[in-house]
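*Asks:* Pasting the sequence and the predicted model now:
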Amino acid sequence: MANPSSETPTPPAALPTLTRADGEPIRALVVDDEPELADLMRRGLEISGWDVATANDGFAALKIARDFAPDVLVLDIMMPGMDGVELLQRMRTIYPEVPALFLTAKDAVADKVAGLQSGGDDYVSKPFSMKEVLLRLHRIVARSGITAANFGVLTVGDLSLNKDTKAVRRAGSEINLTATEFELLKILMETPRHVVSKARILDRVWNYDFGGQSNIVELYISYLRKKIDAQNPPMIHTVRGSGYVIKPC
């Protein structure tokens, strides 16, 4: 394993600072049954400006993930009770598009293959360099579509939203939205590929003025779909029991 006492976690100088589309720090969940290694990873990512949660087993990770809503996962494959592959499968039932980096043993080719076949985005072999891990995680996050867009423009696939001008376009065609529809779409586009709960939407758009009734959210989602997905492949999806997600077709 990497030795926390022998390496000071410092991000590579060439790496850009990444944030979520809403300007908040990238959220990483690190899961490893070796507390020292998890802490090393936490310190390295926090130096990069990320918000980090750690867990030492899969069951604790699942509990943390429901409130933490991670943007990226760092998972040790070999863990007792629930290995990293099973953990990723369970995580994907909560956050279907969350990317993952696996930590594997140096010569465990079968583990590497299993990790990638299960939907992992990359892997790093132990012992590893923190700089390599940070570089790989930056690349995974940059590809995921969750990072901040330039000049106040959010883009998901062929859909764009300009937060300053309020212009919304899909495949080059302008879409006219009401103020409420615009706010709802903006919330979804700020975290593409991540499920946004009805409770969060109510809080952000209506401040619970409707008494927490989720039917108002369902109604406005249907309005959005008629405008955003009309005559186009659907981008707005319902995750039963969890909320809504927007992702490229």
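*Replies:* Ah, there it is. Residues are numbered from 1 along each chain as shown.
*Asks:* now the helices: where do they sit in this protein?
*Replies:* Under the criterion DSSP state H, the chain contains helices at 35-47, 58-68, 84-94, 109-117, 130-144, 179-190, 198-201, 215-228.
*Asks:* Now do the shortest one, average pLDDT.
*Replies:* Rounded to a whole number, the mean pLDDT of helix 198-201 is 87.
*Asks:* What of the second one?
*Replies:* Averaging the model's pLDDT scores along helix 58-68 yields 93.
*Asks:* Ok, the longest one next?
*Replies:* Looking at helix 130-144 alone, the average pLDDT works out to 85.
*Asks:* quick one: pLDDT of the residue nearest to the spatial centre of the chain?
*Replies:* Geometric centre of the chain, nearest residue: Asp71, 2.4 Å, by C-alpha atoms, centre = their mean. Listed pLDDT for Asp71 reads 92.
*Asks:* Please determine how far it is located from Ile175.
*Replies:* Going from Asp71 to Ile175 by C-beta to C-beta, to the nearest Å gives 27 Å. In short, each C-beta sits where N, CA and C put it, glycine included.
*Asks:* pLDDT weak spots in this protein?
*Replies:* 1-16, 22, 106-118, 148-151, 208-214 (pLDDT under 70).
*Asks:* Got the domain ranges for it?
*Replies:* Annotated domains of the chain cover 27-144, 153-246 [the TED database].
*Asks:* So which of these is the most surrounded?
*Replies:* domain 27-144 (a mean of 19; mean count of other C-beta atoms under 10 Å).
*Asks:* list the contacts for the residue nearest to the centre of the chain?
*Replies:* Taking C-beta atoms under 8 Å, 6 or more residues apart in numbering, we find Asp71 in contact with Arg20, Ile26, Arg27, Ala28, Val98, Pro99, Val141, Ser144, Ile146, Thr191, His194.
*Asks:* Just put these in TSV and tack on distance to Thr54.
*Replies:* Shown next, in TSV, are the contacts of Asp71 (distance: C-beta to C-beta, whole Å):
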residue	distance to Thr54
Arg20	19
Ile26	15
Arg27	12
Ala28	9
Val98	16
Pro99	18
Val141	18
Ser144	21
Ile146	20
Thr191	22
His194	20
